[in-house]
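**Q** sequence unknown, structure follows:
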């Protein structure tokens, strides 16, 4: 099976770099609905051009609509999708499950890829996506290669092979949204995980060397890429829509080289020079990631969240105006450098040798001087963060050429026929009758010369077959004009290649608006221990969600008790007639029809399409996204027929991250098997503003860690307004509240 190399494109320059350095496909976003809102992104006009340009070079183009879609955006989003489909986009990369369902119904010929934002990490989720007719799934980055190889599916599998990693499961992070109102599920992530934190044990700040406790290294699978190529993975995705065009060019070039070697059964070798060039373009340190089961230490870089570059040398002496450096590698004028101990740097506009003379470059082992632009006072290591020579080299790449063949038929007194073929498309033109030569007949060499000189066109003539009479004559002007016409015809045919014919079906959807004010509400509480459970049983709560399976078994005879299933779930036991709170789609697909299932807010329901789809899978109640504003919630409620199935988050500390990473195991137990989770100590992350975020590791071998918001979300004061929307079911979540605190909260409602 031929493998696909998929490159990131944040602007037009990156697109050219990706295509001409060997990608098979690109992915990009428009000005809305993409998970990289702060990339340059593409206007509609630019997207049309990009589609034609990609198809000209035989490259597929996927457009991202990988965000949670608000109710008020549905029509605009469908209009945008119609535009993309009409202009022959190869596929959409999508997150919102309700919108996916609608697109599959309305545009049945449009290919959909399930974004990594869909949190797909188990086989039941894959079966659900298959049932929707999705062509490809982009798997969660937390999966190991051996897990991926065990998945049985006819869908194409896509994984990330290089670039930035999220520390939280994608689509499951609320940190940026709650703290800064910049939602990761809406493409506006503020990168909170790249900020400094302190680890707190009870009330004591633990002394650690690094501060960036949630900052991952960059993923790189170059060293083990053969294992990935020998797997059931089809598409290999490079992250980087917000990175430079040179980064896109070089990463694409390296992985293209390895895929080509693999297809030729050659060893997948990469030189130290190639690794160094990659490192100087961008790295935070490299990791093989969860794909290859890296340890916490090898996954994270807690010293710096920034680009590390490569080691340049050491500061030997500091003067007021100049810094003396011993070089461990070459340095050129216009290179970028940074001093590691102060994390400051600059572009080297002036470079001096030991004699104080201006020079353009220096080599490894040389001693040089640079201007002290930053007021450096301490010696230390120097990093090279920009290689100007490499940057220049990458901007002058050779354009990709499309090999074509040509056939010429020139028979006297018959029309001249010339065709170009790219193996998939054939274009032919017919000219006037071929004449007999009076003096100088047209030779094969003349025909070859005039037709093969393709200059700045995208084509390269690899083969020409000529069938002609010996004494025929063809004017040179006819050959030149024929070549130009054939290039135009073949270009147009390639640009307008239609992956699927455009089909749109009418969708008849009836929404009955019934906004009756609710008189009596139903309260559903989540508890984390037996004491909390027993306290809540004293009140007229409708449901009690427990996080402990043993606690559920003990009290399950009470019809109010539900078990909250993990939202990272690898195995699926047989369950029937159980009461379940579900946080990932695989469990709903598996258990929805045979159990009493409620869906959690982690499923990011923000429109009636997602609400209806989860309802069709068997959900008895659906908890809406906690990212909805009051205005968005109001509009959504107007579009939902079965308002009695809405559950709304009212009070609690939401979980802002779920991580396949345990800071406690890393810092307190140094990667050994530990039982810190079982202790009585409490652990927090403290941010720069002294806000404390509770860390709650799972007492299991997988070391999943839950991170909670620093304060309670509390909209109990809005309860009377919510009732006017027709909402009767409300969620209260308790984390570490005491009995008295629980009673105090519940008294405000009952």
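**A** Yes, it's here. As the structure is a prediction and not an experimental result, all values here were calculated from the model. Residues are numbered from 1 along each chain as shown.

**Q** only C-alpha atoms for contact and neighbour calcs from this point on.
**A** Will do.

**Q** just so I have it, where are all the helices in the stretch 251-400 of the chain?
**A** With DSSP state H, counting those that start in this stretch as the criterion, the stretch 251-400 of the chain has helices at 272-281, 296-299, 388-395.

**Q** Does anything pack onto the following helix or strand past the last one? Which helices or strands?
**A** Okay, so that is helix 388-395. Heading C-terminal from helix 388-395, the first helix or strand you meet, by DSSP states H and E, is strand 402-410. The helices and strands touching strand 402-410, judged by 3 or more Cα pairs under 8 Å, 6 or more residues apart in numbering; DSSP states H and E, are strand 415-421, strand 459-468.

**Q** Can you pull out the low-pLDDT segments for the protein?
**A** By pLDDT under 70, the weakly predicted segments of the chain are 34-35, 37-39, 510-515, 670-673, 678, 699-702.

**Q** Among the helices and strands packed on strand 402-410, show me which one is buried the most.
**A** A comparison of these by mean neighbour count, using mean count of other Cα atoms under 10 Å, puts strand 415-421 on top with a mean of 20.

**Q** Report the inter-axis angle for that one versus strand 402-410.
**A** Put simply, strand 415-421 runs at 170 degrees to strand 402-410, going by axes from the mean of the first three to the mean of the last three Cα atoms, to 10 degrees.

**Q** if we look at stretch 200-220, which residues are touching it?
**A** With contact meaning Cα atoms under 8 Å, 6 or more residues apart in numbering, stretch 200-220 is reached by 161-167, 193-199, 283-289, 298-305, 663, 667, 681-686.

**Q** Just the buried residues of these.
**A** Among these, the ones that count as buried by 16 or more other Cα atoms under 10 Å are 161-167, 193-199, 283-289, 299-302, 304-305, 663, 667, 683-686.

**Q** Now go through those and say which are in strands.
**A** 161-163, 198-199, 286-287, 683-686 (DSSP state E).

**Q** Compile these into TSV and extend it with columns for distance to residue 8.
**A** Below are these laid out as TSV (distance: Cα to Cα, whole Å):
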residue	distance to residue 8
161	12
162	11
163	10
198	34
199	35
286	19
287	20
683	38
684	36
685	33
686	34
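
**Q** For residue 381, state which of those is nearest.
**A** Of all those, residue 286 has the smallest distance to residue 381: 19.2 Å, by Cα to Cα.

**Q** Just give the closest residue to that closest one, not the sequence neighbours.
**A** The spatially closest residue to residue 286, leaving aside those adjacent along the chain, is residue 218, at 4.8 Å (Cα to Cα, 6 or more residues apart in numbering).

**Q** For that neighbour, grab the count of nearby residues.
**A** 25 (other Cα atoms under 10 Å).

**Q** Distance check, residue 599 against residue 27.
**A** Distance from residue 599 to residue 27, counting by Cα to Cα, to the nearest Å: 31 Å.

**Q** Looking at the two now, which is surrounded by more residues?
**A** residue 599 (28 against 22).

**Q** For the spatially closest residue to residue 87 that is not a sequence neighbour, pull up the helix or strand it's in.
**A** Excluding the flanking residues, the one nearest residue 87 by Cα to Cα, 6+ apart is residue 48, at 6.5 Å. For residue 48, the host element (DSSP H and E) is helix 44-56.

**Q** For that helix, name the packing helices and strands.
**A** In this structure, helix 44-56 makes packing contacts with helix 12-20, strand 60-65, helix 476-495, judged by 3+ Cα pairs under 8 Å, 6+ apart.

**Q** out of those, deepest packed?
**A** strand 60-65 (a mean of 24).

**Q** Partner strands of that one, with direction?
**A** strand 25-29 (parallel), strand 91-94 (parallel) (DSSP bridges).

**Q** related to what we said a few turns ago, out of the helices and strands packed on strand 402-410, the one nearest residue 715 is which?
**A** Residue 715 sits nearest to strand 459-468 of all these, at 63.3 Å, using Cα to Cα.

**Q** Between strand 402-410 and that closest one, find me the angle.
**A** On the basis of the same axes, to 10 degrees, strand 459-468 is oriented at 20 degrees to strand 402-410.

**Q** what's in contact with strand 459-468?
**A** Applying Cα under 8 Å, 6+ apart, the contact partners of strand 459-468 are 401-411, 444, 448, 452, 454, 487.

**Q** now swap in stretch 696-711 and tell me
**A** So stretch 696-711 is in contact with 175, 653-662, 675, 677-678, 683, 691-695, going by Cα under 8 Å, 6+ apart.

**Q** In helices, which of the residues you listed appear?
**A** Those of these mapping onto helices are residue 175, per DSSP state H.

**Q** Only the buried subset of the contacts of stretch 696-711, as a PyMOL command please.
**A** To isolate the buried subset of the contacts of stretch 696-711 in PyMOL, counting by 16+ other Cα under 10 Å, use the following:
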select buried, resi 175+653+654+655+656+657+658+659+660+661+662+677+683+692+693+694+695
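
**Q** Okay, and which of the contacts of stretch 696-711 map to strands?
**A** When the contacts of stretch 696-711 are checked against strands (DSSP E), the matches are 655-659, 683, 692-695.

**Q** from the residues you listed, which single one is nearest residue 471?
**A** residue 659 (77.8 Å).

**Q** and the nearest residue in space to that closest one that is not next to it in sequence, how many residues sit next to it?
**A** Leaving aside its chain neighbours, residue 659 sits nearest to residue 168 (4.7 Å; criterion: Cα to Cα, 6+ apart). Counted with other Cα under 10 Å, residues neighbouring residue 168 total 23.

**Q** And the one 10 residues further on, by the same measure?
**A** Other residues near residue 178 come to 16 when the count uses other Cα under 10 Å.

**Q** Now do the same contact list for it.
**A** Residue 178 makes contacts with 627, 656, as judged by Cα under 8 Å, 6+ apart.

**Q** if I look at it, how far off is residue 653?
**A** For residue 178, the distance to residue 653 - Cα to Cα - is 11 Å.

**Q** Help me confirm that residue 731 comes into contact with residue 521.
**A** No. Using Cα atoms under 8 Å, residue 731 makes no contact with residue 521, being 10.9 Å away.

**Q** Tell me which of the two has more neighbours.
**A** For the pair residue 731 and residue 521, the greater number of neighbours falls to residue 731 (20 against 16), based on other Cα under 10 Å.

**Q** Tell me the helices and strands packed up against the one helix or strand the more buried one maps to.
**A** Residue 731 is part of strand 729-733 when elements are defined by DSSP H and E. When contacts are defined as 3+ Cα pairs under 8 Å, 6+ apart, strand 729-733 packs onto strand 522-527, strand 646-652.

**Q** now the helix or strand that comes right after it against strand 729-733, angle please.
**A** Using DSSP H and E, the helix or strand that follows strand 729-733 towards the C-terminus is helix 739-747. Put simply, helix 739-747 runs at 160 degrees to strand 729-733, going by the same axes, to 10 degrees.

**Q** Not counting sequence-adjacent ones, nearest residue to residue 590?
**A** residue 124 (6.6 Å).

**Q** List the buried residues of whichever strand or helix holds that neighbour.
**A** If you go by DSSP H and E, residue 124 is part of helix 123-131. For helix 123-131, the neighbour count (16+ other Cα under 10 Å) marks 123-130 as buried.

**Q** Now do the helices in the stretch 101-250 of the chain.
**A** 123-131, 145-150, 175-180, 225-229, 245-263.

**Q** Now the two most distant members of the ones in strands among the contacts of stretch 696-711.
**A** Across the ones in strands among the contacts of stretch 696-711 (Cα to Cα), the longest gap, 17.4 Å, separates 659 and 692.

**Q** how much space between residue 100 and residue 156?
**A** Separation of residue 100 from residue 156 (Cα to Cα): 17 Å.

**Q** which of the two has more neighbours?
**A** Higher neighbour count among residue 100 and residue 156: residue 100, with 25 against 15, using other Cα under 10 Å.
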